[in-house]
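need coordinates for the following:
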Amino acid sequence: RHVIDVHPALKDSLTCMSKDGFEAVYNHVCDLIDENWKEHIDASSVEELVRIRLAIQFCFSCLLEADKALLIHSSMAEYFGVSTREYPRTLVEDQLPPGDPATVINQQRRDAYNAVVADANSDTKDRRPRVLTLPTGLGKTRCAAGWAMHWRAKLERETGIRPKLIVVLPFLSVIEQTAGVYRDLLNLKEHTNDVHLQTSHSLSLRDHMDVETESTDGEKDADAQSRAEFVLDTWRSEIVLTTFDQFLLALMDAKSRHQQRFHNLCDALIVIDEVQAFPVHLWHPVGTLLKELANAGRSRLLLMTATQPGIIAADQRVDIIENPTAYAQPRYQIEIDPREMTLSQWLPQLVQEIRSNCDIRKWLIVVNTRRCAQTVYCYLRDTRVLTHPLLLLSSDIVPRDRLDRVRQIKECSSCIAVTTQCVEAGVDIDMDFVVRDFAPLDSLVQVAGRCNRNGKRDRQTVRVVRLLNEREDGTDDRAFCEYVYRDAKNNSIIQLQITRELLQNTAVVNEESVTELVEEYFRRLGNAKDKGSEITKNWATFGHDELNIQRELRGDNSRQVTFVVTKLDPRLSEDLEAAYAEPDRWARRRKLRDLGPRIAQVSVSVWVTHRFRPEQIGEPFPSLEYPSFWFLDDRFYDEAELGLITHDFDGSSTGTEVL
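Reported below is the predicted structural model:
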């Protein structure tokens, strides 16, 4: 009955709602939109259309939460009763990390931290996104936490509101690592979700210790469980750590289960780490939406990376570190080996190099495909002349074990770690020598950041080699990098071409020269590839039909199938069957969601090819006609070493090829 600031074309319709009924008003509003929408689109800029779309999403998101809150909470006091904590703005600097503060790298970490928190002295009216470009190993996680605490205190002092902090990261291993940092800073000992800290990703537990209770028979109270699901689904914790996927779904996806989180992206502090991991064809939509989220949504954004792409133009952002090159150190040099070699040619050379360098304790061997990683690992293992402990890390290994192996690599004093690209960004490991199969320049630099990460040794080496796959008849095939780094849109390999051009006359690149080289790489990449302006316009004008956020971010995975390694969780198959047998669909859905993290912890995905079918190594569930995933035959998972084994026991390939 009381309408404030409504559009003039809608005001009369809304005020007569009590007389005509909601359905009549709804139909009338739809007619008005249909009549004026095309004219409005033609007359508006993309930025204005994005701003309108964000405003509509905000209203929709608030209504979604309000609708669910009404069903779950018995009173407004219960709904609004979530308590928050006042953190001192100096929370991070009051807890100095271990290490000698007099070392060069720790002095640089301190200088970078002071520059970042000084941004909180900026005018609050300047809501341009902040960009932090620093070499790896200079403490960007602590810098971001300090930036957030200082801004949080300032905004609370000026507005009386404590903004939520949302930390967005690309990889699960980085999330758990970052969550550990925040738990230590906030003195949160429990590894669970609560009102202070929540992790939101495929492996995070569906629990919330502040609202879940158990009855005397050990079963969770149904009402409390519903409230727990509500606060998890709507991101009601003070600090939320989530993935690129979940963030973009909340920002851009039209589905209600994602949109119920969108309003929490407004008036928030948002830290996005490793922004170079966004594919080029999402630069325009992500950059445009982030700028308008800061402008119209009044959020404060901090974008961090060691290799800054061109997502937001220099004149539309604030660079906190104006000269990142000043923070570069002589920690590593990248040596380019121009020769092309097959695995069979290269592996004996690698063994000889390791044997000849006994003083090098920690080796990191990074290749481009799973099969290549398994081949390298098995060759090194079977030579029986190397004394270093061997570790394999790839997507053939379930996430639970991958996280454990990252920990082993980090904590051991000596090892040879054979991995795929899963260690290249954000993983806090410090290696003595790195060998990397050829890849786009930003990937090479990210992996180089694992070499002598803490600067405790003289300049170390990152060697870049060019490895060729071999056909079954022994002849050379394509380079392994060409199987992986392909553009989903046009099957091109622009990133590799630009990298070759930049490095073709270069034998050695020192760390001090990396920033300038990477800037040129991203400039050329942005000029050569579509940055997604059409995606932005389609989204802003509600063209949902072709927009699949996860496919745009991760590529087309329609030919992938997921295998659940049930021997790692023996009760899982029984619990899944019980959940599917639940007659009530809402109870069934809840049980399946509760099982989701357990499924994700012990799952691996495989590409289906003309030579490989999932029924060769697993059983479909719940049925062959509509499989959600496949239960893997126990014989095809090697928990101790290789993970997923994609060959028959007679040694013949099942056809997963180099993927």
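
residue 416 bridge partners, please.
Per DSSP bridges, the residues bridged to residue 416 are residue 363, residue 390.

and it, what does it touch?
If you count contacts by C-beta atoms under 8 Å, 6 or more residues apart in numbering, residue 416 has them with 354, 363, 365, 380, 386, 388, 389, 390, 391. For the C-beta atoms, the positions are set from N, CA and C on the backbone; glycine is no exception.

out of those residues, which are buried?
Neighbour counting with 16 or more other C-beta atoms under 10 Å marks 354, 363, 365, 380, 388, 390, 391 as buried within those.

out of the contacts of residue 416, who's nearest residue 183?
Of all these, residue 183 sits closest to residue 391, with 25.9 Å by C-beta to C-beta.

contacts only, for the residue nearest to the closest one when sequence neighbours are not counted.
Nearest non-adjacent residue to residue 391, counting by C-beta to C-beta, 6 or more residues apart in numbering: residue 417, 4.8 Å away. By C-beta under 8 Å, 6+ apart, the residues touching residue 417 are 362, 363, 364, 365, 391, 393, 409, 423, 429, 431.

and the longest helix anywhere in the chain, what does it pack onto?
In the chain, with assignment by DSSP state H, the single longest helix is helix 46-72. Secondary-structure packing of helix 46-72 (3 or more C-beta pairs under 8 Å, 6 or more residues apart in numbering; DSSP states H and E): helix 222-233, helix 256-259, helix 283-296, helix 533-540.

pick the most deeply packed of these.
Mean neighbour count (mean count of other C-beta atoms under 10 Å) peaks for helix 283-296 among the helices and strands packed on helix 46-72, with a mean of 23.

okay, angle between the helix or strand just after it and helix 283-296 too, please.
Downstream of helix 283-296, the next assigned helix or strand under DSSP states H and E is strand 300-305. Here strand 300-305 runs at an angle of 150 degrees relative to helix 283-296 (axes from the mean of the first three to the mean of the last three C-alpha atoms, to 10 degrees).

what about the helices in the stretch 51-200 of the chain?
Secondary structure of the stretch 51-200 of the chain by DSSP state H, counting those that start in this stretch: the helices cover 76-79, 104-117, 140-159, 172-186.

worst mean pLDDT among the ones you listed?
Mean pLDDT is lowest for helix 76-79 out of these, coming in at a mean of 68.

out of the helices of the stretch 51-200 of the chain, flag the one nearest residue 506.
Across those, residue 506 has its closest neighbour in helix 104-117 (25.8 Å, C-beta to C-beta).

I'd like to know which elements the closest one is packed against.
Here helix 104-117 touches helix 140-159, going by 3+ C-beta pairs under 8 Å, 6+ apart.

list the buried residues for the helix it packs on?
Applying a neighbour-count criterion of 16+ other C-beta under 10 Å, one finds 140-156 buried in helix 140-159.

now swap in stretch 518-526 and tell me
By neighbour count on 16+ other C-beta under 10 Å, the buried set for stretch 518-526 is 518, 519, 521, 522, 524, 525, 526.

packing partners for the strand or helix carrying the fourth one?
I take that to be residue 522. Assessed by DSSP H and E, residue 522 sits inside helix 514-528. Secondary-structure packing of helix 514-528 (3+ C-beta pairs under 8 Å, 6+ apart): helix 441-448, helix 494-503.

which of those helices is buried the deepest?
Most buried among the helices and strands packed on helix 514-528, counting by mean count of other C-beta under 10 Å: helix 441-448, with a mean of 26.

fine by me, we can end here.
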